[in-house]
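Asks: I'd like to go over a predicted model; first the sequence, then the structure.
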Amino acid sequence: MKSLLFAAGFAALLPLVSVPADPPKHEKVADQPPKHAKEVEEPGLMVSRSEVMKKDPVADLGVARYWAVEKGKDVWSLLVEVNGTIPLHFHPDGVHRMYVLEGKLKCTVGKETMEMGPGDYMLIPKGVRHKFEKVGDGKAYFVTVDTPPINPANNVWLEPAPKK
């Protein structure tokens, strides 16, 4: 009798604990205030990491792979997977703004070194030397927003460049 009651109770609760379907990728937002006179309608960019990583990397240095998230004339944004050490270098043509998404990195910017993790931010001015080393097991990812866009062909390597 107890097992029958348990089974009936479990069956009644099952719909409450079922896994919901994935939400639509992009939903229309309802019930918004009216459009402002200075407001414009332009498409934005919302993309998941998994969507970005389905594409081929734009660069693979062996110690790091790079995927383009956004590429424009004024800005270039990259998702970077670090699996080794990106040697000391600098960029003569743009500023890096970087957020660590996952994992731990030992980052050197100029004369300072800091271990950084998810949520940490760094700004690397144009022409300032920097280096990244993955710390510990697992993967390390950061996203960079470069203004103006940095041309990797212009990188100045102060330590031997990585060889794939």
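Replies: Structure received. Numbering: from 1, shown residues only.

Asks: bridging residues for the residue nearest to the spatial centre of the chain?
Replies: Residue closest to the average C-alpha location in the chain (CA atoms, centre = their mean): Val143, at 3.7 Å. Val143 forms beta bridges with Leu79, Tyr99, as assigned by DSSP bridges.

Asks: how about Pro149, what does it touch?
Replies: Contacts here follow CB atoms under 8 Å, 6 or more residues apart in numbering; on that basis Pro149 touches Lys71, Gly72, Lys73, Asp74, Val75, Trp76, Asp93, Gly94. Any C-beta I mention is one placed from the backbone N, CA and C, and that applies to glycine too.

Asks: do that again at 10 Å, thanks
Replies: By CB atoms under 10 Å, 6 or more residues apart in numbering, the residues touching Pro149 are Glu70, Lys71, Gly72, Lys73, Asp74, Val75, Trp76, Ser77, Leu78, His91, Asp93, Gly94.

Asks: Tell me where the model's unsure across the protein.
Replies: Residues of the chain that meet the criterion pLDDT under 70 lie in 1-26.

Asks: need the strands for it, in chain order.
Replies: With DSSP state E, the ranges of strands along the chain come out as 59-60, 64-71, 76-82, 85-90, 95-102, 104-109, 112-116, 121-124, 130-135, 140-147, 156-157.

Asks: tell me the contacts of the closest residue to Lys55 other than its chain neighbours?
Replies: Leaving aside its chain neighbours, Lys55 sits nearest to Trp67 (6.3 Å; criterion: CB to CB, 6 or more residues apart in numbering). Counting by CB under 10 Å, 6+ apart, Trp67 makes contact with 49, 51-59, 77-81, 141, 143.
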